[in-house]
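[1] Okay, sequence plus prediction incoming.
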Amino acid sequence: MKSGFVSLIGRPNAGKSTLLNRLVGTKLAIVSDKPQTTRNRILGVRNYPDAQVVFLDTPGIHRPLHRMNVRMVDAAVDTMHEVDILGVVVDVTEPPGKGDRYVLDLVKNVKDVKAAVFLILNKVDLIKKNRLLPLIQQYNSLGTFAEIVPVSAATGDNVDRLERAIIDRLPEGEPMYPADYLTDQPERFFAAEIVREKLLQFTHAEIPFSSAVVIDRFEDAATSSSGYAERDGAKASARGGGAPREKEKGILKLYCTIVVDRESQKPIVVGRGGEMIKRIGTAAREELEKFFDTRVFLDLHVRVKAEWREDEHVLSDIGLK
Ligand SMILES: Nc1nc2c(ncn2[C@@H]2O[C@H](COP(=O)(O)OP(=O)(O)OP(=O)(O)O)[C@@H](O)[C@H]2O)c(=O)[nH]1
Ligand SMILES: [Mg+2]
């Protein structure tokens, strides 16, 4: 039996979250075409017949301009010390850029990194095969890799080869988590993230960067919301099966605030006649119902809080203390 930790790191938008979801077989991390989508370290456990692999998705590494972004980058860098394998995810549709070089230098220069470094060339579905070799040569001049694996997180192409290479490298060991354990984030984290994904999907320009979603109340009709109940719930519902949810006929009531940075952003998120917030709410509710496997009542508010990205209270609310 093998077991160990694998962190997925890289510049924003490389496809780390898409790959985490593919590897774990469940949508744990939200995905968008905007950079800096992921703000927290997200853990997902995958069990194989001969191994248990704990994957960590991380925020894209970028030059941080706010306290929030410093915390995001720290969350990614911190994982480098605790894993057996560092999967550096890059986007093959572009040549190695400043952002990729920065990540590779970090991997080289951060002390006490014992992990084997894999270069994961993602989005191969978007390029011709003959463009891979020159790209690999370019990356080989920028770092030393235990493995170089081209994949498509979107289509799943070659992901099985990546999984094999990972398992081959992991140390012998017993599983660290029970067989039905999926993640360590509480249910309300996933609830906020699902709302934020829709916000990112439907808004543009600076809104995605300067907004956050805070859960004010999470009312579960049938179960209490103690930490353990939340974790078990997230596990069972995210698996889309497993233990049946106890609150069959219940309704999950979610009261959320979308926090924006400036007064001028509020009317954009609300939209004309409330059109935008309704659109976000409808799309989010549909996905929340699937995720939690229950009916959901969703109440969304928009609040302006200047400089919230520097504010310890908000950062704590979104898990970036
Ligand atoms: N065609 C294609 N698109 C992909 C692939 N992987 C990811 N994408 C797209 O690339 C964009 C970014 O994907 P994410 O998974 O959010 O990227 P990320 O690295 O987690 O980004 P951050 O969280 O911002 O650091 C999304 O639009 C994805 O749909 C892939 O293999 N092929
Ligand atoms: Mg991400």
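    Thanks, I have the structure now. The model shown is predicted, which means the values in this text are computed figures rather than measured ones. Ligands and ions are numbered 1, 2, ... in the order given.

[2] hey, let's count contacts and neighbours off CA atoms from now on
    Will do.

[3] any low-confidence regions in the stretch 201-321 of the chain?
    The stretch 201-321 of the chain contains residues with pLDDT under 70 at 222-249.

[4] Neighbours of the residue nearest to Gly319 when sequence neighbours are not counted, how many?
    Leaving out its chain neighbours, the residue that sits closest to Gly319 by C-alpha to C-alpha, 6 or more residues apart in numbering is Asn40, at 7.1 Å. Here the number of neighbours of Asn40 (other C-alpha atoms under 10 Å) works out to 23.

[5] cool, and Glu94?
    Glu94: 9 surrounding residues under other C-alpha under 10 Å.

[6] Where do the helices of this structure begin and end?
    Here the chain has its helices, by DSSP state H, at 16-24, 67-79, 98-109, 132-140, 159-169, 187-202, 227-239, 266-270, 275-292, 312-317.

[7] Need the contact partners of the first one.
    Read that as helix 16-24. Helix 16-24 is contacted from outside by 8-10, 27-31, 38, 44-46, 55-58, 89, 153-154, 156, 159, 163, using C-alpha atoms under 8 Å, 6 or more residues apart in numbering.

[8] Out of those, which are close to ligand 1?
    Intersecting the contacts of helix 16-24 with the contacts of ligand 1 gives 31, 38, 153-154 (criterion: C-alpha under 6 Å from any ligand atom).

[9] Could you list the contact residues of the stretch 51-200 of the chain toward ligand 1?
    Close to ligand 1, as judged by C-alpha under 6 Å from any ligand atom, the stretch 51-200 of the chain has residues 59-60, 122-123, 125-126, 152-154.

[10] Please pick the buried ones from those.
    59-60, 122-123, 125, 152-154 (16 or more other C-alpha atoms under 10 Å).

[11] Around ligand 2, which positions in this structure sit nearby?
    Applying C-alpha under 5 Å from the ion, we find that the chain lies next to ligand 2 at 17, 38.

[12] domain parsing for the chain?
    2-169, 187-317 (automatic domain parsing).

[13] how far out from the middle of the chain is the shortest one?
    Between the mean C-alpha point of domain 187-317 and the mean C-alpha point of its chain there is a distance of 15 Å (C-alpha atoms, centre = their mean, to the nearest Å).

[14] winner for burial among the domains of the chain?
    Comparing these by mean neighbour count (mean count of other C-alpha atoms under 10 Å), domain 2-169 comes out on top with a mean of 19.

[15] Now that domain: average pLDDT?
    Domain 2-169 carries an average pLDDT of 97.

[16] how close does the residue sitting furthest away from the middle of the chain sit to ligand 1?
    Within the chain, Gly273 marks the point farthest from the mean C-alpha position, 32.4 Å out by C-alpha atoms, centre = their mean. Counting by C-alpha to the nearest ligand atom, to the nearest Å, the separation of Gly273 from ligand 1 is 29 Å.

[17] Same question for Ala306.
    On the measure of C-alpha to the nearest ligand atom, Ala306 and ligand 1 end up 23 Å apart.

[18] Apart from its chain neighbours, what residue comes closest to that residue?
    Asp261 (4.7 Å).

[19] For that neighbour, grab phi and psi.
    phi -90, psi -30 (degrees, to the nearest 10).

[20] Could you tell me the end-to-end distance of stretch 180-196?
    End-to-end distance of stretch 180-196: 27 Å, with C-alpha to C-alpha, to the nearest Å as the criterion.

[21] so for it, what's the average pLDDT?
    Mean predicted lDDT for stretch 180-196 stands at 97.

[22] Among the residues of the stretch 51-200 of the chain next to ligand 1, which one lies nearest to Glu172?
    Relative to Glu172, the closest of these is Ala153; by C-alpha to C-alpha it sits at 26.9 Å.

[23] Roughly how far does the nearest residue to that closest one once chain neighbours are set aside sit from Asp184?
    Closest residue to Ala153 apart from its sequence neighbours, by C-alpha to C-alpha, 6+ apart: Leu19 at 4.7 Å. Leu19 sits 18 Å away from Asp184, going by C-alpha to C-alpha.
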